[in-house]
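Peer 1: pasted the sequence and its predicted model underneath.
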Amino acid sequence: EPEVTQTPSHQVTQMGQEVILRCVPISNHLYFYWYRQILGQKVEFLVSFYNNEISEKSEIFDDQFSVERPDGSNFTLKIRSTKLEDSAMYFCASRPSIQGYYEQYFGPGTRLTVT
Amino acid sequence: QKEVEQDPGPLSVPEGAIVSLNCTYSNSAFQYFMWYRQYSRKGPELLMYTYSSGNKEDGRFTAQVDKSSKYISLFIRDSQPSDSATYLCAMSLDNYGQNFVFGPGTRLSVLP
């Protein structure tokens, strides 16, 4: 069964450093998402991406965040200058293009630890 | 008032019990309602989705939506130890599911 994959599973970085989190969505999906979940807290929407552009973003997704689909398979989240409060699980999700079909398939997540 | 609220639990039940998980929400514009299951250190997995008020059944799971009360429920019949996980409700304003709002989750333990 096809699944969303994410790498790395765990990333440790120092405050102020740039990180790139990578996702490979399911191959025939056209909508892509990033969510984050701070330990013990709820899953929060960051951004949605369709047709090579951001379609919606939350207040969390400020100028230090960016997303890219550099090729036909990868979908990346970049955090330019990490802060301690960016420590969280980051989940990628994807969805087929069928109108009205809103099941989002989540990846296993990347645990980001900022020290 | 938080947008979506859930009893965080933990909720412990014996195997075979009927489990009731609930969410309340404040935004009456939500139209689509989902339940996700999340095992420890894994991504959320969709269990059920419903549109507007009503019931939907899938195997041992039944989802209920009461828009007039802004209240949704997930019932699990004949609960199994493998059902032990955190259950997240999520809701969306539109049918593209662009922006899901999640509840904080209820941790469920089903004891053998």
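Peer 2: Nice, I can see it. Residues are numbered from 1 along each chain as shown, chains lettered A, B, ... in the order given.
Peer 1: what about stretch A:63-79, how long is it end to end?
Peer 2: Start-to-end span of stretch A:63-79 (Cα to Cα, to the nearest Å) is 9 Å.
Peer 1: what pLDDT, on average, does it get?
Peer 2: For stretch A:63-79, mean pLDDT is 93.
Peer 1: check stretch A:23-41 too.
Peer 2: Confidence over stretch A:23-41 (mean pLDDT, whole number) is 91.
Peer 1: and it, how far out from the chain's middle?
Peer 2: 5 Å (Cα atoms, centre = their mean, to the nearest Å).
Peer 1: report the beta-bridge partners for the closest residue to A:Ser66 other than its chain neighbours.
Peer 2: Leaving aside its sequence neighbours, A:Ser66 sits nearest to A:Lys78 (Cβ to Cβ, 6 or more residues apart in numbering or on different chains; 4.8 Å). C-betas here are computed from N, CA, C, even on glycine. Beta-bridge partners for A:Lys78, by DSSP bridges, are A:Ile20, A:Ser66.
Peer 1: correct me, but A:Lys78 touches A:Phe61?
Peer 2: No. Using Cβ atoms under 8 Å, A:Lys78 makes no contact with A:Phe61, being 11.4 Å away.
Peer 1: so those two - more neighbours on which side?
Peer 2: In this view A:Lys78 and A:Phe61 are compared by other Cβ atoms under 10 Å in any protein chain shown, and A:Phe61 has more residues nearby, 20 against 13.
Peer 1: could you check how far that one is from chain B?
Peer 2: Between A:Phe61 and chain B the computed distance is 11 Å (Cβ to the nearest Cβ, to the nearest Å).
Peer 1: so who does that residue touch?
Peer 2: A:46-47 (Cβ atoms under 8 Å, 6 or more residues apart in numbering or on different chains).
Peer 1: would you confirm that B:Lys56 belongs to a strand?
Peer 2: Yes. Counting by DSSP: H, G, I helix; E, B strand; the rest coil, one finds B:Lys56 located in a strand.
Peer 1: near chain A, which residues of chain B?
Peer 2: Residues of chain B lying close to chain A (Cβ under 8 Å from any Cβ of the partner chain) are B:4, B:32, B:36, B:41-46, B:49, B:88, B:90, B:92, B:95-105.
Peer 1: just the buried ones out of these, please.
Peer 2: Listed as buried from these are B:4, B:32, B:36, B:42-44, B:46, B:49, B:88, B:90, B:92, B:96-105; burial here means 16 or more other Cβ atoms under 10 Å in any protein chain shown.
Peer 1: brilliant, that's me finished.
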